[in-house]
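[1] Coordinates only, no sequence provided:
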Ligand code: NAD
């Protein structure tokens, strides 16, 4: 049986990846500061610990097999490296969390520490075991692309080779860029097998939809669902003409698994090329309930003016492309958020 370690397994993408790996027959250890919020984890073992602690990282990358679990100490010679590691752990959120500047130091320190700990502890373990077979996936982000190529909302350039000269518009993006280079360095100098994807706005059921870390699709669904309590008014940050593309979670997981199984290392975009303005995204959500809300444009953190995935490279290397339309994905997400909100209301009555 193949084994996988999923870091950030209590988060949105990590918890979906755990389900997929279990369905594919893997033995899975998940690690996170918290358990998944919206459903039970399907990991064989779930460790609630802080990955910025190097000793925690040293221990979680060692698999004890049938002899024991993370919490029972096992003689070192019986511990084995995992076949695959998926690194999703990061301080993450929508524009309201990563573009305000208020969280920059935490975002950079936390995420960089996890990546440094992982690569160096795995390198040492590989040396002890005289093996180097663990494939490591790193979830980078489209936020690492330079701001100057994303000023025109209708013609942004996010092809992989446009990354340099670097000029991300946020510290979150700079940390992703640094960590991409870190993974590439460990591959270059220690021959460690790595895979890097640059995700473009992943959305779907079981993602955060309130509390300040939610991203645009979930935030807009929530606002439309709750619009009756806001005089049928929806607040939109900026003029709503900024553009983005959004990829449904199942498609992201499929593309990531294909990347891991291929010989291609990346970095490669994983996203949708169906670019829409935020106003259009609101139209799509409103259409589900045939609502026509009054739009109030307010100041808020915006990020770049335009962004779209460019899938030329992933089509060429992996033969992968997204299939689901934005309308289909939004409908599934909307229904799930409406169900969550109705459960909340019901439990308060
Ligand atoms: P998420 O916030 O839902 O998941 C990240 C998880 O990491 C959280 O559960 C968090 O508790 C955990 N974590 C943070 N610090 C930790 C620590 N010190 N120790 C242990 N766990 C820790 O985010 P997500 O949307 O699932 O994103 C997963 C990865 O994909 C992140 O690296 C993110 O930057 C990247 N990414 C996501 C998107 C997207 O649209 N969701 C886009 C681009 C890149």
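    Yep, that arrived. For clarity, every value in this text was computed on a predicted model and none was experimentally measured.
[2] tally of neighbours for whichever residue of the stretch 1-150 of the chain sits closest to the ligand?
    Closest to the ligand within the stretch 1-150 of the chain is residue 11: 2.0 Å, counting by Cβ to the nearest ligand atom. (Glycine included, C-beta is placed from N, CA and C.) Neighbour count of residue 11, defined by other Cβ atoms under 10 Å: 24.
[3] same thing with residue 283?
    The tally of other residues near residue 283 (other Cβ under 10 Å) stands at 12.
[4] still on that earlier bit, surely the residue of the stretch 1-150 of the chain closest to the ligand meets residue 32?
    Yes: when contacts are counted by Cβ atoms under 8 Å, residue 11 is listed as touching residue 32 (6.5 Å).
[5] Name the residues contacting each of those two.
    Common contacts of residue 11 and residue 32 (Cβ atoms under 8 Å, 6 or more residues apart in numbering): residue 89.
[6] The nearest residue to residue 132 once chain neighbours are set aside: what's it in contact with?
    Of all residues not flanking residue 132 in the chain, residue 126 sits nearest, at 4.9 Å (Cβ to Cβ, 6 or more residues apart in numbering). Residues in contact with residue 126 (Cβ under 8 Å, 6+ apart) are 81, 132, 134, 190, 192.
[7] For my notes, confirm the second one occurs in a strand.
    Just to be clear, that refers to residue 132. No: counting by DSSP: H, G, I helix; E, B strand; the rest coil, one finds residue 132 to be coil, located in no strand.
[8] Looking at it now. What's its pLDDT?
    For residue 132, the model assigns a pLDDT of 96.
[9] Could I get the contacting residues of it?
    126, 190, 191, 192, 193 are the contacts of residue 132 under Cβ under 8 Å, 6+ apart.
[10] Alongside the ligand, which residues does the stretch 51-200 of the chain contribute?
    Contact residues (Cβ under 6 Å from any ligand atom) of the stretch 51-200 of the chain with the ligand: 51, 52, 88, 89, 90, 91, 92, 110, 114, 139, 141, 199.
[11] Which of the helices and strands in the protein ranks last by mean pLDDT?
    Within the chain, confidence by mean pLDDT, DSSP states H and E is lowest for helix 95-98 among all helices and strands, at a mean of 82.
[12] after that helix comes which helix or strand?
    The element immediately downstream of helix 95-98 (helix or strand, assigned by DSSP states H and E) is helix 104-129.
[13] Go through that following helix and flag the buried ones.
    By neighbour count on 16 or more other Cβ atoms under 10 Å, the buried set for helix 104-129 is 104, 107-108, 110-123, 125-126, 129.
[14] Next: stretch 277-292.
    So for stretch 277-292, counting by 16+ other Cβ under 10 Å, buried means 277, 278, 281, 282, 284, 285, 286, 288.
[15] Looking at those residues, which are in helices?
    278, 281, 282, 284, 285, 286, 288 (DSSP state H).
[16] can you map out the helices along the stretch 51-200 of the chain?
    54-60, 95-98, 104-129, 171-190 (DSSP state H, counting those that start in this stretch).
[17] which stretch in the ones you listed is the model least sure about?
    Per-stretch mean pLDDT for the helices of the stretch 51-200 of the chain is lowest at helix 95-98 (a mean of 82).
[18] so the closest residue to the ligand within the stretch 201-349 of the chain bridges to which residues?
    Closest residue of the stretch 201-349 of the chain to the ligand, Cβ to the nearest ligand atom: residue 202 (3.7 Å). For residue 202, the beta-bridge partners are residue 247 (DSSP bridges).
[19] residues touching it, list them.
    By Cβ under 8 Å, 6+ apart, residue 202 lies in contact with 12, 13, 246, 247, 248, 249, 252.
[20] What's the per-residue pLDDT of it here?
    Looking at residue 202, the pLDDT reads 97.
[21] ditto for the one 10 residues further on
    The per-residue pLDDT reported for residue 212 equals 86.
[22] Count the residues that sit near it.
    12.
[23] who in the stretch 201-349 of the chain is up against the ligand?
    So the stretch 201-349 of the chain meets the ligand at 201, 202, 215 (Cβ under 6 Å from any ligand atom).
[24] Which one of those is nearest to residue 237?
    Proximity of those to residue 237 (Cβ to Cβ) peaks at residue 215, which lies at 12.1 Å.
[25] Show the contacting residues for the closest one.
    Residue 215 is in contact with 93, 94, 95, 201, 203, 207, 208, counting by Cβ under 8 Å, 6+ apart.
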